[in-house]
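Colleague: Fold the following and give me the result.
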Amino acid sequence: MRVVLLSLMVLALAACASVQRLDAANDVHALLVSIRDNDGAAFDAHVDHDALKRELSARLADRIGKDDRMQGLARLLGPSVIDFADKALVQPKTFRTVAEQYGYRSDTKIPSAVAIAAALKTLPDGRVCATKKKDGPCVLTFTKENGAWKLTSFDGDFSTLRLKL
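Modeller: Below you'll find the predicted structure:
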């Protein structure tokens, strides 16, 4: 009896995770379409710019480390550099390079939400993420905010975000 109960609990948890991934997949699909179509308004509706700016700021602080001169420069330029990076890099054109790494080129049909859901990984804190490989590290992380899943973290290599002037 105990084994049956445990099995049912595991199945219920797996079903919740699947529903959560499918819910997120609809917004991830919309984000991919906005990237493909270079639709800034739709892109912004699925991106939490403040969360990404906080992440960029934290990464900048980590890179600078203990160098006092660099820390002073970072304090002076940090906010303006982060604002510039947000405006210049967090846009559909630059995220297209990330999408291309997943195989989504402008001439590629974007998979259905069900296919995207299968590729998402549910995190212990309720967020979901996209990985390059099935058991690989998260590259893009999404958080549900006000009823929509938004991109809140880019854990990939920032060199893949190329500024296109």
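Colleague: Surely residue 92 and residue 35 touch.
Modeller: Yes - counting by Cβ atoms under 8 Å, residue 92 touches residue 35, with 4.7 Å between them. Just so you know, the C-beta spots here come from the backbone N, C-alpha and C atoms, and that holds for glycine as well.
Colleague: ok, those two, which is more surrounded?
Modeller: When residue 92 and residue 35 are compared for neighbours, residue 35 comes out ahead with 25 against 21, by other Cβ atoms under 10 Å.
Colleague: Let me see the contact set for that one.
Modeller: When contacts are counted by Cβ atoms under 8 Å, 6 or more residues apart in numbering, residue 35 touches 43, 92, 95-96, 99, 104.
Colleague: Show the end-to-end separation of stretch 141-149, please.
Modeller: 10 Å (Cα to Cα, to the nearest Å).
Colleague: Can you list the low-confidence ranges for the chain?
Modeller: Applying pLDDT under 70 to the chain picks out residues 1-17, 60-61, 63-89, 102, 104, 157-165.
Colleague: The chain: strands as residue ranges?
Modeller: Applying DSSP state E to the chain gives strands spanning 120-122, 128-131, 138-145, 148-154.
Colleague: that older thread, quick check: neighbours shared by residue 92 and residue 35?
Modeller: With Cβ under 8 Å, 6+ apart as the test, residue 92 and residue 35 both reach residue 43.
Colleague: and the strands of the chain as JSON lines, adding mean neighbour count?
Modeller: Putting these into JSON lines (neighbours: other Cβ atoms under 10 Å) gives the following:
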{"stretch": "strand 120-122", "mean neighbour count": "19"}
{"stretch": "strand 128-131", "mean neighbour count": "21"}
{"stretch": "strand 138-145", "mean neighbour count": "19"}
{"stretch": "strand 148-154", "mean neighbour count": "21"}
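Colleague: Including distance to residue 19, could those go into CSV?
Modeller: What follows is the strands of the chain, written out as CSV (distance: least, Cβ to Cβ, whole Å):
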stretch, distance to residue 19
strand 120-122, 10
strand 128-131, 11
strand 138-145, 12
strand 148-154, 13
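Colleague: nearest to residue 62, of these?
Modeller: strand 148-154 (14.3 Å; Cβ to Cβ).
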